[in-house]
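Visitor: need a structure here:
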Amino acid sequence: MDNMQETIQNGLADYGPGILGFLAVLVIGYIVAKIITSGIRKAMNRSEVDPTLVGFISNLSYMGLMALVVISALGQLGVNTTSFAAIIGAAGLAIGFALQGSLGNFAAGVMLIIFRPFKAGDFVEAGGVSGIVEDVQVFATIIRTGDNKEITVPNGSITGSPIVNYSAKPTRRVDMVFGIGYDDDIKRAKDLLHEIVASDSRILADPEVTIAVSELADSSVNFVVRPWVNSGDYWPVLFDTTEKVKLEFDKAGISIPYPQNDVHVHQIKAA
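Guide: Numbers count the residues shown, from 1 in each chain. The predicted structure is shown next:
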(Lines give C-alpha, C1' and ligand atoms only; values in the text may rest on other atoms or scores of the structure.)
Protein backbone atom coordinates (compact mmCIF):
# COMPACT_ATOMS: atom_id res chain seq x y z
CA MET A 1 0.00 0.00 0.00
CA ASP A 2 2.81 2.32 0.90
CA ASN A 3 4.53 1.49 -2.40
CA MET A 4 1.38 2.34 -4.36
CA GLN A 5 1.00 5.68 -2.63
CA GLU A 6 4.65 6.41 -3.24
CA THR A 7 4.26 5.53 -6.91
CA ILE A 8 1.24 7.82 -7.24
CA GLN A 9 3.05 10.64 -5.49
CA ASN A 10 6.07 10.22 -7.73
CA GLY A 11 3.83 10.11 -10.80
CA LEU A 12 2.09 13.30 -9.77
CA ALA A 13 5.41 14.92 -9.07
CA ASP A 14 6.74 13.89 -12.47
CA TYR A 15 3.68 14.37 -14.69
CA GLY A 16 1.42 16.64 -12.64
CA PRO A 17 2.95 19.93 -13.80
CA GLY A 18 2.88 18.74 -17.41
CA ILE A 19 -0.78 17.73 -17.19
CA LEU A 20 -1.71 20.99 -15.53
CA GLY A 21 0.25 22.88 -18.16
CA PHE A 22 -1.50 20.89 -20.92
CA LEU A 23 -4.94 21.70 -19.51
CA ALA A 24 -4.04 25.35 -18.88
CA VAL A 25 -2.73 25.88 -22.41
CA LEU A 26 -5.73 24.07 -23.86
CA VAL A 27 -8.29 26.13 -21.93
CA ILE A 28 -6.55 29.48 -22.31
CA GLY A 29 -5.80 28.79 -25.98
CA TYR A 30 -9.43 27.89 -26.62
CA ILE A 31 -10.59 31.16 -25.07
CA VAL A 32 -8.01 33.21 -26.98
CA ALA A 33 -8.92 31.47 -30.26
CA LYS A 34 -12.59 32.29 -29.68
CA ILE A 35 -11.77 35.94 -28.94
CA ILE A 36 -9.55 36.31 -32.03
CA THR A 37 -12.10 34.59 -34.29
CA SER A 38 -14.88 36.81 -32.95
CA GLY A 39 -12.72 39.89 -33.60
CA ILE A 40 -12.06 38.77 -37.18
CA ARG A 41 -15.76 38.18 -37.76
CA LYS A 42 -16.73 41.60 -36.37
CA ALA A 43 -14.05 43.39 -38.38
CA MET A 44 -15.20 41.71 -41.60
CA ASN A 45 -18.85 42.49 -40.86
CA ARG A 46 -17.96 46.16 -40.28
CA SER A 47 -16.21 46.15 -43.65
CA GLU A 48 -19.41 44.73 -45.21
CA VAL A 49 -17.63 41.63 -46.49
CA ASP A 50 -19.88 38.99 -48.05
CA PRO A 51 -21.45 36.78 -45.31
CA THR A 52 -20.31 33.61 -47.11
CA LEU A 53 -16.70 34.75 -46.94
CA VAL A 54 -17.07 35.91 -43.33
CA GLY A 55 -18.20 32.46 -42.18
CA PHE A 56 -15.60 30.61 -44.22
CA ILE A 57 -12.61 32.70 -43.09
CA SER A 58 -13.80 32.75 -39.48
CA ASN A 59 -14.04 28.95 -39.36
CA LEU A 60 -10.70 28.57 -41.15
CA SER A 61 -9.02 30.96 -38.69
CA TYR A 62 -10.50 29.14 -35.71
CA MET A 63 -9.32 25.74 -36.93
CA GLY A 64 -5.82 27.09 -37.58
CA LEU A 65 -5.60 28.68 -34.15
CA MET A 66 -6.85 25.54 -32.41
CA ALA A 67 -4.26 23.45 -34.26
CA LEU A 68 -1.55 25.71 -32.83
CA VAL A 69 -3.12 25.47 -29.37
CA VAL A 70 -3.17 21.66 -29.46
CA ILE A 71 0.46 21.51 -30.61
CA SER A 72 1.49 23.91 -27.82
CA ALA A 73 -0.50 21.93 -25.26
CA LEU A 74 1.10 18.65 -26.31
CA GLY A 75 4.48 20.30 -25.78
CA GLN A 76 3.59 20.66 -22.11
CA LEU A 77 3.33 16.87 -21.91
CA GLY A 78 6.79 16.39 -23.32
CA VAL A 79 5.61 15.39 -26.81
CA ASN A 80 8.09 16.20 -29.57
CA THR A 81 6.00 18.88 -31.26
CA THR A 82 8.68 19.62 -33.85
CA SER A 83 8.18 16.29 -35.58
CA PHE A 84 4.43 16.53 -34.99
CA ALA A 85 4.29 19.95 -36.68
CA ALA A 86 6.40 18.60 -39.54
CA ILE A 87 3.93 15.78 -40.08
CA ILE A 88 1.01 18.23 -40.09
CA GLY A 89 2.90 20.50 -42.49
CA ALA A 90 3.66 17.63 -44.85
CA ALA A 91 0.04 16.51 -44.73
CA GLY A 92 -1.12 20.05 -45.44
CA LEU A 93 1.25 20.31 -48.38
CA ALA A 94 -0.01 17.03 -49.83
CA ILE A 95 -3.61 18.13 -49.40
CA GLY A 96 -2.76 21.48 -51.01
CA PHE A 97 -1.32 19.78 -54.10
CA ALA A 98 -4.33 17.48 -54.33
CA LEU A 99 -6.76 20.38 -54.04
CA GLN A 100 -4.82 23.05 -55.91
CA GLY A 101 -7.66 23.54 -58.40
CA SER A 102 -10.20 24.03 -55.61
CA LEU A 103 -7.83 26.29 -53.69
CA GLY A 104 -7.32 28.37 -56.83
CA ASN A 105 -11.08 28.72 -57.21
CA PHE A 106 -11.33 29.66 -53.54
CA ALA A 107 -8.67 32.37 -53.91
CA ALA A 108 -10.47 33.65 -57.02
CA GLY A 109 -13.77 33.64 -55.12
CA VAL A 110 -12.21 35.71 -52.34
CA MET A 111 -10.99 38.23 -54.93
CA LEU A 112 -14.44 38.42 -56.55
CA ILE A 113 -16.15 38.94 -53.21
CA ILE A 114 -13.64 41.58 -52.04
CA PHE A 115 -13.20 43.58 -55.26
CA ARG A 116 -16.76 43.03 -56.56
CA PRO A 117 -16.37 43.43 -60.34
CA PHE A 118 -20.03 42.39 -60.44
CA LYS A 119 -22.86 41.52 -58.07
CA ALA A 120 -25.98 39.40 -58.11
CA GLY A 121 -28.41 40.70 -60.73
CA ASP A 122 -25.76 42.10 -63.10
CA PHE A 123 -25.64 41.01 -66.73
CA VAL A 124 -22.05 39.97 -67.42
CA GLU A 125 -19.81 38.19 -69.85
CA ALA A 126 -17.28 36.19 -67.81
CA GLY A 127 -15.52 32.85 -68.03
CA GLY A 128 -16.80 32.34 -71.57
CA VAL A 129 -20.44 32.65 -70.43
CA SER A 130 -22.96 35.49 -70.80
CA GLY A 131 -25.94 35.92 -68.50
CA ILE A 132 -27.33 37.31 -65.26
CA VAL A 133 -25.35 36.65 -62.09
CA GLU A 134 -27.52 34.83 -59.57
CA ASP A 135 -25.00 34.05 -56.84
CA VAL A 136 -21.29 34.60 -56.14
CA GLN A 137 -20.06 31.70 -54.02
CA VAL A 138 -16.63 30.93 -52.57
CA PHE A 139 -15.69 28.36 -55.23
CA ALA A 140 -18.03 29.14 -58.15
CA THR A 141 -20.40 31.73 -59.59
CA ILE A 142 -23.94 30.85 -60.69
CA ILE A 143 -24.99 32.52 -63.97
CA ARG A 144 -28.43 32.30 -65.63
CA THR A 145 -28.36 32.60 -69.40
CA GLY A 146 -30.92 34.42 -71.54
CA ASP A 147 -32.68 31.13 -72.35
CA ASN A 148 -32.97 30.34 -68.62
CA LYS A 149 -30.16 27.84 -68.24
CA GLU A 150 -28.22 27.80 -64.98
CA ILE A 151 -24.45 27.56 -65.42
CA THR A 152 -21.96 27.03 -62.59
CA VAL A 153 -18.69 28.71 -63.57
CA PRO A 154 -15.51 28.04 -61.52
CA ASN A 155 -14.23 31.32 -60.09
CA GLY A 156 -10.75 30.62 -61.42
CA SER A 157 -12.12 30.70 -64.97
CA ILE A 158 -13.73 34.08 -64.31
CA THR A 159 -10.71 35.87 -62.83
CA GLY A 160 -8.45 34.33 -65.47
CA SER A 161 -10.27 36.04 -68.35
CA PRO A 162 -11.70 39.51 -69.12
CA ILE A 163 -14.92 40.39 -67.30
CA VAL A 164 -17.50 42.52 -69.12
CA ASN A 165 -20.18 43.95 -66.84
CA TYR A 166 -23.01 45.36 -68.93
CA SER A 167 -24.89 46.51 -65.82
CA ALA A 168 -22.05 48.44 -64.19
CA LYS A 169 -23.10 51.81 -65.62
CA PRO A 170 -26.60 53.32 -65.52
CA THR A 171 -26.58 54.18 -69.24
CA ARG A 172 -25.39 52.47 -72.42
CA ARG A 173 -24.89 53.44 -76.04
CA VAL A 174 -26.80 51.48 -78.68
CA ASP A 175 -24.59 51.05 -81.76
CA MET A 176 -26.54 50.45 -84.98
CA VAL A 177 -25.60 50.53 -88.66
CA PHE A 178 -28.12 51.05 -91.49
CA GLY A 179 -27.33 51.03 -95.20
CA ILE A 180 -29.08 52.69 -98.13
CA GLY A 181 -28.52 52.41 -101.86
CA TYR A 182 -26.18 54.71 -103.75
CA ASP A 183 -29.14 56.05 -105.77
CA ASP A 184 -31.15 56.98 -102.64
CA ASP A 185 -31.39 60.47 -101.11
CA ILE A 186 -28.80 60.63 -98.29
CA LYS A 187 -30.30 63.78 -96.74
CA ARG A 188 -33.81 62.29 -96.71
CA ALA A 189 -32.54 59.09 -95.09
CA LYS A 190 -30.64 61.04 -92.43
CA ASP A 191 -33.72 63.18 -91.64
CA LEU A 192 -35.81 60.01 -91.23
CA LEU A 193 -33.28 58.53 -88.84
CA HIS A 194 -33.39 61.72 -86.73
CA GLU A 195 -37.20 61.61 -86.69
CA ILE A 196 -37.24 57.96 -85.61
CA VAL A 197 -34.80 58.63 -82.76
CA ALA A 198 -36.61 61.79 -81.64
CA SER A 199 -39.95 59.94 -81.44
CA ASP A 200 -38.65 57.41 -78.90
CA SER A 201 -38.97 58.76 -75.34
CA ARG A 202 -36.59 56.09 -74.01
CA ILE A 203 -33.66 57.63 -75.88
CA LEU A 204 -31.78 60.16 -73.74
CA ALA A 205 -31.21 63.74 -74.85
CA ASP A 206 -27.81 63.84 -73.17
CA PRO A 207 -25.40 62.60 -74.45
CA GLU A 208 -26.62 63.64 -77.88
CA VAL A 209 -27.35 60.94 -80.42
CA THR A 210 -24.83 60.46 -83.25
CA ILE A 211 -26.19 59.93 -86.78
CA ALA A 212 -23.61 60.12 -89.56
CA VAL A 213 -22.43 58.51 -92.78
CA SER A 214 -19.72 56.09 -91.70
CA GLU A 215 -18.80 54.16 -94.81
CA LEU A 216 -19.15 54.05 -98.57
CA ALA A 217 -19.35 50.27 -98.79
CA ASP A 218 -19.35 48.04 -101.87
CA SER A 219 -23.12 48.11 -102.33
CA SER A 220 -24.43 50.62 -99.78
CA VAL A 221 -23.95 53.94 -98.06
CA ASN A 222 -23.82 53.10 -94.35
CA PHE A 223 -25.10 55.28 -91.52
CA VAL A 224 -24.13 54.84 -87.87
CA VAL A 225 -26.92 55.54 -85.37
CA ARG A 226 -25.72 55.75 -81.77
CA PRO A 227 -28.32 56.84 -79.21
CA TRP A 228 -27.82 56.63 -75.41
CA VAL A 229 -30.39 54.86 -73.24
CA ASN A 230 -30.82 53.59 -69.70
CA SER A 231 -29.17 50.18 -69.40
CA GLY A 232 -32.50 48.43 -68.90
CA ASP A 233 -33.82 49.86 -72.20
CA TYR A 234 -30.89 48.70 -74.35
CA TRP A 235 -32.45 45.67 -76.04
CA PRO A 236 -35.99 47.08 -76.46
CA VAL A 237 -34.61 50.24 -78.10
CA LEU A 238 -32.30 48.22 -80.36
CA PHE A 239 -35.09 45.93 -81.57
CA ASP A 240 -37.74 48.66 -81.92
CA THR A 241 -35.45 51.10 -83.75
CA THR A 242 -34.34 48.43 -86.22
CA GLU A 243 -37.97 47.64 -87.05
CA LYS A 244 -38.97 51.31 -87.34
CA VAL A 245 -36.10 52.08 -89.71
CA LYS A 246 -37.17 49.30 -92.05
CA LEU A 247 -40.81 50.41 -92.03
CA GLU A 248 -40.05 54.12 -92.51
CA PHE A 249 -37.49 53.51 -95.25
CA ASP A 250 -40.03 51.37 -97.10
CA LYS A 251 -42.65 54.13 -96.85
CA ALA A 252 -40.17 56.71 -98.16
CA GLY A 253 -39.01 54.44 -100.99
CA ILE A 254 -35.48 54.23 -99.63
CA SER A 255 -33.86 50.90 -100.38
CA ILE A 256 -31.86 48.81 -97.96
CA PRO A 257 -29.33 46.90 -100.09
CA TYR A 258 -28.69 43.24 -99.51
CA PRO A 259 -26.05 40.94 -101.00
CA GLN A 260 -26.85 39.81 -104.54
CA ASN A 261 -25.10 37.54 -106.97
CA ASP A 262 -25.36 37.96 -110.72
CA VAL A 263 -25.23 34.70 -112.64
CA HIS A 264 -24.19 34.91 -116.34
CA VAL A 265 -25.03 31.94 -118.56
CA HIS A 266 -23.03 31.47 -121.75
CA GLN A 267 -24.20 29.12 -124.44
CA ILE A 268 -21.49 27.21 -126.27
CA LYS A 269 -22.42 25.94 -129.72
CA ALA A 270 -21.56 22.35 -130.42
CA ALA A 271 -18.67 21.90 -132.84
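
Visitor: Okay, helices next: where are they in this structure?
Guide: Along the chain, the segments classed as helices by DSSP state H run 2-46, 51-76, 81-98, 100-115, 155-159, 186-198, 234-252.

Visitor: okay, now the closest residue to Ile196 other than its chain neighbours: neighbour count?
Guide: Residue nearest to Ile196 in three dimensions, not counting chain neighbours: Lys244, with 5.0 Å by CB to CB, 6 or more residues apart in numbering. For every residue, glycine as well, the C-beta is placed using N, CA and C. Under the neighbour criterion other CB atoms under 10 Å, Lys244 is assigned a count of 17.

Visitor: shouldn't Lys244 be in contact with Glu195?
Guide: No - shown here, Lys244 and Glu195 do not form a contact pair, counting by CB atoms under 8 Å, at 9.5 Å.

Visitor: on that earlier part again, mean pLDDT lowest where, among the helices of the chain?
Guide: Per-segment confidence across the helices of the chain bottoms out at helix 81-98, which has a mean of 58 in mean pLDDT.

Visitor: ok so, going back, ok, the residue nearest to Ile196 to Ser161 distance?
Guide: 37 Å (CB to CB, to the nearest Å).

Visitor: Same question for Val32.
Guide: The gap separating Val32 from Ser161 is 43 Å, by CB to CB.

Visitor: Same question for Met111.
Guide: Applying CB to CB, one obtains 13 Å for the distance of Met111 from Ser161.

Visitor: Likewise for Leu193?
Guide: 37 Å.

Visitor: Between these two, which has more neighbouring residues?
Guide: A side-by-side neighbour count of Leu193 and Ser161, using other CB under 10 Å, places Leu193 first with 24 against 12.

Visitor: Measure how buried the closest residue to Ile186 other than its chain neighbours is and give me the count.
Guide: When the adjacent residues along the chain are set aside, Ile186 lies closest to Val221, with 6.3 Å between them (CB to CB, 6+ apart). Val221 has 19 neighbours, counted by other CB under 10 Å.
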